[in-house]
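A.B. asks: I would like to see how this sequence folds:
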Amino acid sequence: MVDSAQQEIAITSKSSSPTAMPSPTNLKVRRPAKCLEPVLRLMMTVSIDSGMFCAGLAFAMAGPTLIKLAEQLSVPFASAASIFTFRGFGCLAGSMMSGELVDRTGNPAAVMLAPIAAAAAGALAIPYLRSFWAACVMFTFQGLALGMLDAAGNVLILQIWRGSKFQNGHMHALHFFFGLGSALAPLFVSAWESSGLQATSAWLVVAAASIFPLLGFLFLACISKYEDTSRYEEEEAQKALASVVGSKAVLLSAIFLFVYMGAETSFGGLISSYAQQWLHANQTMSAWLASVYWGALCLGRVVAALATSHIHHARYIFAHLVLAVFAASALIPSAMVPKADGYLVVLATGAFGLAIAPLYPGMILVAEEILAAPLSGRAASIILTSAAFGEMVLPAGIAWLFESTKASFVWVQLGLSCCTLVIFTIGSGRLLVTQTSVSTSTSEEGTAEP
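C.D. replies: This is a model prediction of the structure:
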């Protein structure tokens, strides 16, 4: 009888399609008994979700603290806003590195552990920085950590739950936790200021929240021992990956997320400044408006996590894109008249956050539907690297334009929303006219092991 305390299992990519590409790695993993595999899968999922919660905190903390950070660094607002570019550059590098690191080390928990530790260290340092260039370096490393968490986290969730009817739900849940952290970040900033503390000291919350995922990944990294046995499959894998990486689905998904990340990052980062500098709202109300945006985004991802396993996924994403266009259009009166109805601004901000909530994970899942095959780590890395590049380039340009013309914020958001709608329609037109979603029909045929 085989010893139940230890079993060697091979992690391989499974697909009923004869055209499904092989996994870029075939790792031979020594793990505890088979009965413990669901527990380890759950632990990995919870650790990834909590790590993304911390990433959301760090991601959204920059916007509400940006004005105070500029004062702390003694630089103009436009210069302080360039930290988005440095953070985006770090995200770009992190997204490119993480896929290869997971493939080569064979220990995803160890790969996830490093960026969590780096993000926590950066958050501890930010309240004490006085040098602009030191802040740029710190945000670059923070972006590197966020990029690694994002790319590796998405790929791992796809791998862990592929074949299960809950795959869509877990993918959207991953981004829900990111949205939850993003929604709470402005509230922490507001609470810190209400208590008479420096707004930038709210970054310490990010460091404290990182303790749980740090411990989780540390435990998983210590109990996992991996041996790479994939070298003999490398040539076949490269051929299969080349056709997928160059496909229309990957290209359009990359362009879509490039534009989307520019919209999401710039809206979350500048809505507080827009309210304070153009609508003449106070600091507390401006931070609260940012919280409405991130809170609505968080709520939208909860709904997506619960609903997308049971409905036509592509049409669901299309409906949200249309809502985003209408929500951005509702902000036009505030751009025309700074003293426009404040309630309309709040409603439009919330509607915009709700509208774009499922777009990031939704586009990744739709890319798999178009391909009708598992999305490889390398293809996912290309898509997510493009998203990181969008975060690096677009928000900086939007912030520069905002500095000279405050009302441009609304028009840019409307333009980006229209662009994402057009790109998605071009890339997913075939899915929109099918009777059932590919992911829904696949999940009805079978599920992964519990």
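A.B. asks: Enumerate the strands of the stretch 101-250 of the chain by residue range, in sequence order.
C.D. replies: Defined through DSSP state E, counting those that start in this stretch, the strands belonging to the stretch 101-250 of the chain, from first to last, are 225-228.
A.B. asks: Tell me where the model's unsure across it.
C.D. replies: Within the stretch 101-250 of the chain, the segments meeting pLDDT under 70 span 102-106, 224-246.
A.B. asks: who touches stretch 316-330?
C.D. replies: Here stretch 316-330 makes contact (C-beta atoms under 8 Å, 6 or more residues apart in numbering) with 300, 304, 307-308, 344, 347-349, 351-352, 354-359, 362-363, 366, 410, 413-414, 417-418, 420-421, 424-425, 428, 432. Any C-beta I mention is one placed from the backbone N, CA and C, and that applies to glycine too.
A.B. asks: List buried residues within these.
C.D. replies: Among the contacts of stretch 316-330, those classed as buried by neighbour count (16 or more other C-beta atoms under 10 Å) are 300, 304, 308, 347-349, 351-352, 354-359, 362-363, 366, 410, 413-414, 417-418, 420-421, 424, 428.
A.B. asks: Among those residues, name the ones in helices.
C.D. replies: In helices, judged by DSSP state H, the following of those are found: 300, 304, 347-349, 351-352, 354-356, 359, 362-363, 366, 410, 413-414, 417-418, 420-421, 424, 428.
A.B. asks: residues contacting Ala209?
C.D. replies: In this structure, Ala209 makes contact with Phe53, Cys54, Leu57, Gly181, judged by C-beta under 8 Å, 6+ apart.
A.B. asks: next one: Ala407
C.D. replies: Listed by C-beta under 8 Å, 6+ apart, the contact set of Ala407 reads Trp278, Ala335, Met336.
A.B. asks: so can I have CSV of those residues showing pLDDT and distance to Ser286?
C.D. replies: What follows is these, written out as CSV (pLDDT from 0 to 100; distance: C-beta to C-beta, whole Å):
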residue, pLDDT, distance to Ser286
Trp278, 86, 10
Ala335, 87, 16
Met336, 87, 20
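A.B. asks: which of the residues you listed has the most neighbours?
C.D. replies: Across the contacts of Ala407, neighbour numbers were computed from other C-beta atoms under 10 Å; Ala335 holds the maximum, 20 neighbours.
A.B. asks: tell me which element that residue falls in.
C.D. replies: Following DSSP states H and E, one finds Ala335 within helix 332-336.
A.B. asks: Now do the same for Ile423: its pLDDT.
C.D. replies: According to the predicted model, the pLDDT of Ile423 comes to 93.
A.B. asks: I figured it hits Leu251, correct?
C.D. replies: No - Ile423 lies out of contact with Leu251 (C-beta atoms under 8 Å); the separation is 10.3 Å.
A.B. asks: Of these two, which one has the most company?
C.D. replies: A direct count of neighbours by other C-beta under 10 Å for Ile423 and Leu251 places Ile423 higher, at 20 against 16.
A.B. asks: which residues touch the more buried one?
C.D. replies: When contacts are counted by C-beta under 8 Å, 6+ apart, Ile423 touches Leu252, Ile255, Phe256, Val259.
A.B. asks: Would you convert these into TSV that also reports neighbour count and distance to Ser210?
C.D. replies: As requested, the contacts of Ile423 are arranged in TSV below (neighbours: other C-beta atoms under 10 Å; distance: C-beta to C-beta, whole Å):
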residue	neighbour count	distance to Ser210
Leu252	20	35
Ile255	18	33
Phe256	31	30
Val259	21	30
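A.B. asks: So which of these belong to helices?
C.D. replies: Among the contacts of Ile423, the residues falling in helices (DSSP H) are Leu252, Ile255, Phe256, Val259.
A.B. asks: nearest to Phe86, of those?
C.D. replies: Nearest to Phe86 among these is Val259, at 20.7 Å by C-beta to C-beta.
A.B. asks: Could you tell me which residues make contact with the closest one?
C.D. replies: Gly390, Leu394, Leu416, Cys419, Thr420, Ile423.
A.B. asks: Repeat the analysis, applying 10 Å as the threshold.
C.D. replies: Shown here is Val259, whose contacts under the criterion C-beta atoms under 10 Å, 6 or more residues apart in numbering are Ser386, Ala387, Gly390, Leu394, Gly415, Leu416, Ser417, Cys418, Cys419, Thr420, Val422, Ile423.
A.B. asks: Quickly name whichever of those is closest to Gly163.
C.D. replies: Ala387 (25.3 Å).
A.B. asks: Next, the contact list for Ser272, please.
C.D. replies: With contacts taken as C-beta under 10 Å, 6+ apart, Ser272 has the following neighbours: 63-67, 186, 189, 281, 283, 285-291, 293.
A.B. asks: so which helix or strand takes in it?
C.D. replies: With DSSP H and E as the criterion, Ser272 is inside helix 248-277.
A.B. asks: Touching, Ser291 and Leu180? I think so.
C.D. replies: No - with contacts counted by C-beta atoms under 10 Å, Ser291 stays clear of Leu180, the gap being 11.6 Å.
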